[in-house]
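Engineer: what follows is a predicted protein model with its sequence.
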Amino acid sequence: MAVLKAKIEEKRPELTNSRGVVFRNYSAGPHIAMDVRQRFTEYGWDVLCHPSYSLDLALSDFHHFGSLRNSLSGLEFTSLETLKQRLGNFFTNKSNDFFRKEIYSYQKDDKRS
């Protein structure tokens with residue numbers, strides 16, 4: 001983990017000057033070794049535990065975000081504000097028809113499950 005921390009500091013120094021790294025944990029909480037938990041605390045990293053599966057949003061639903069994924073493809077964001085601005089512009093520039101189609105598509109998929 002020390003190597004990971006050093007690489008993050010080398011390649012993304014802006015993260016070391018901000019609130020720090022947010023580590024996405026895909027392991028179940030009790031299965032994380034105490035040493036690993038201590039390192040997270042030592043490094044000042046926040047840990048996001050893997051959420052339980054949601055009936056509202058399953059992995060198969062992420063195709064609904066295809067146009068968003070395409071609009072962000074290849075871009076790098078140097079700050080959270082830049083990302084928020086880009087997301088705001090994306091949704092603001094979409095027509096009502098776009099949202100109608102997405103909702104209809106989501107409802108149609110929901111009926112298939």
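Structural biologist: Structure received. Residues are numbered from 1 along each chain as shown.
Engineer: Val47 in helix, strand or coil?
Structural biologist: Going by DSSP: H, G, I helix; E, B strand; the rest coil, the secondary structure assigned to Val47 is strand.
Engineer: verify the contact between it and Phe40 for me.
Structural biologist: Yes: between Val47 and Phe40 there is a contact under C-beta atoms under 8 Å: 5.4 Å. C-betas here are computed from N, CA, C, even on glycine.
Engineer: I'd like the next helix or strand past the helix or strand of the chain with the lowest mean pLDDT.
Structural biologist: The helix or strand of the chain with the lowest confidence, counting by mean pLDDT, DSSP states H and E, is strand 22-25 at a mean of 62. Toward the C-terminal end, the helix or strand that comes next after strand 22-25 (DSSP states H and E) is helix 34-43.
Engineer: what's the mean pLDDT across that next one?
Structural biologist: Helix 34-43 carries an average pLDDT of 78.
Engineer: show me what counts as buried in it.
Structural biologist: Going by neighbour count (16 or more other C-beta atoms under 10 Å), the buried part of helix 34-43 is Arg39, Phe40, Tyr43.
Engineer: could you measure from Leu72 over to Phe65?
Structural biologist: 10 Å (C-beta to C-beta, to the nearest Å).
Engineer: neighbour count: those two, which is higher?
Structural biologist: Leu72 (15 against 11; other C-beta atoms under 10 Å).
Engineer: domain parsing for this structure?
Structural biologist: 1-51, 55-112 (the TED database).
Engineer: which of those comes out lowest on mean pLDDT?
Structural biologist: Ranked by mean pLDDT, the domains of the chain end with domain 1-51 at the bottom, a mean of 71.
Engineer: which residue packs closest to Leu68, ignoring adjacent ones?
Structural biologist: Phe90 (6.1 Å; C-beta to C-beta, 6 or more residues apart in numbering).
Engineer: other SSEs contacting the helix or strand harbouring that neighbour?
Structural biologist: Phe90 belongs to helix 80-92 when assigned by DSSP H and E. Counting contacts by 3 or more C-beta pairs under 8 Å, 6 or more residues apart in numbering; DSSP states H and E, helix 80-92 packs against helix 66-72.
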